[in-house]
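Chemist: below are the sequence and a predicted model for it; my questions follow.
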Amino acid sequence: MNRVGGPELALSPEDFSRFCEFLYRRTGMTFGESKRYYVVRRVAERMAATGDANFGDYFARLRSQRGELEAATNAFTVNETYFYREEHQLRALSEHILPEVVADKGPGDRVRLWSVPCSTGEEPYSIALWLLEKWRLVDAYNIEIEGSDIDTDALAEARDGRYGARSLSRLPAPVRAAYFEGEAGDERTIIRDLRESVSFSQVNLVDRASMQSHGAFEVIFCRNVLIYFDDAARRTVAENLYESLAPGGFLCLGHTESMTRIDDRFRVRRFGDASIYQRPGP
């Protein structure tokens, strides 16, 4: 029986596999038996929210209702981040990457940067803060920063721009004072001008059409997400990221991730402590 009993759900091996395969096909996220407790607990939470008494009813709803697919996807995403994460990449961005990007551009030309997945917004806002503080040419070009994620709840938090002490812990005090306002306990809110300088949108990394709808970028930050995918999904994501980069564009991955064994079309560049992947130019 696949019924909710308090917080527990007796999910058969067959139903567990059906659910994990369904989620994988739509998001690329991989969950095996070692994650059974994690998966079952979140399925039970969604069944309690929808009022479905058994897994069969819930799974039918999941397959037929886009809203429930979105809610279930949100329940399984991991939003662990903070401001100025992997600062060495931000340093490489202002000291090496952007000077190369703008070498063939004129004043006022557009430069597009993408944070995907952006989680609750700390990473794209970090890019904006870093450039305002560290790149003297920031006002010479039309800088567009976009943050995208599959998790619509995380995107809503990103647009609100309210953060607690843990998210803010690595920001220098002068930066917090200059770009954040108001306090509710430990929370502070990014000033309106900065919130409006970053746009947010939904994207699915394993969906080619979803990725292509955002156009091409000179720099993409895609950090700490490939670790949640299997080899097949990683290759799909790598292909989509490659196509989303303008020729000569740069890709920043998490420090535990590597593109070398996934897609050999990328050129590896070394800037100080940062290993960056570049799509070859024309």
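Modeler: Received, thanks. Numbering: from 1, shown residues only.
Chemist: tell me which residue lies nearest the centroid of the protein.
Modeler: Taking C-alpha atoms, centre = their mean as the criterion, Pro117 is the residue nearest the geometric centre of the chain, at 1.0 Å.
Chemist: so it touches Val225, yeah?
Modeler: Yes - taking contacts as C-beta atoms under 8 Å, Pro117 lies within contact range of Val225: 5.5 Å. The C-beta positions use only the backbone N, C-alpha and C, and glycine is treated the same way.
Chemist: who touches both of the two?
Modeler: In terms of C-beta atoms under 8 Å, 6 or more residues apart in numbering, Pro117 and Val225 are both contacted by the residues Leu205.
Chemist: the domain parsing of this structure - what is it?
Modeler: Here the domain parsing of the chain from automatic domain parsing is 4-76, 87-278.
Chemist: for the last one, give the mean pLDDT please.
Modeler: Spelled out, that is domain 87-278. For domain 87-278, mean pLDDT rounds to 95.
Chemist: the shortest one now?
Modeler: For domain 4-76, mean pLDDT is 86.
Chemist: chain center to it, what's the gap?
Modeler: Taking C-alpha atoms, centre = their mean, to the nearest Å, the mean C-alpha location of domain 4-76 is offset from the chain mean by 22 Å.
Chemist: again, but for the last one
Modeler: Its chain's average C-alpha position is 9 Å from that of domain 87-278, according to C-alpha atoms, centre = their mean.
Chemist: measure that domain end to end?
Modeler: 19 Å (C-alpha to C-alpha, to the nearest Å).
Chemist: what about Arg85, is that helix, strand or coil?
Modeler: Recorded secondary structure, Arg85: coil (DSSP: H, G, I helix; E, B strand; the rest coil).
Chemist: wait, it touches Glu123, no?
Modeler: Yes - look at Arg85 against Glu123 with C-beta under 8 Å: they come within range, at 6.6 Å.
Chemist: neighbour-wise, which of those two wins?
Modeler: Glu123 (27 against 19; other C-beta atoms under 10 Å).
Chemist: contacting residues around the helix or strand encompassing Ala60?
Modeler: Element membership of Ala60 [criterion: DSSP states H and E] is helix 55-64. Outside helix 55-64, the residues within contact range by C-beta under 8 Å, 6+ apart are 2, 9, 11, 15, 18-19, 22, 43, 46-47, 50, 52, 68-69, 72.
Chemist: what residues sit buried inside it?
Modeler: Across helix 55-64, burial judged by 16 or more other C-beta atoms under 10 Å covers Phe55, Tyr58, Phe59, Arg61, Leu62.
Chemist: make a markdown table out of those residues and add distance to Phe250.
Modeler: Formatted as a markdown table, those follow (distance: C-beta to C-beta, whole Å):
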| residue | distance to Phe250 |
| --- | --- |
| Phe55 | 45 |
| Tyr58 | 43 |
| Phe59 | 41 |
| Arg61 | 42 |
| Leu62 | 38 |
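Chemist: so where do the strands sit in the stretch 151-282 of the chain?
Modeler: Secondary structure of the stretch 151-282 of the chain (DSSP state E, counting those that start in this stretch): strands at 162-163, 180-184, 187-190, 198-202, 217-221, 245-252, 267-271, 274-278.
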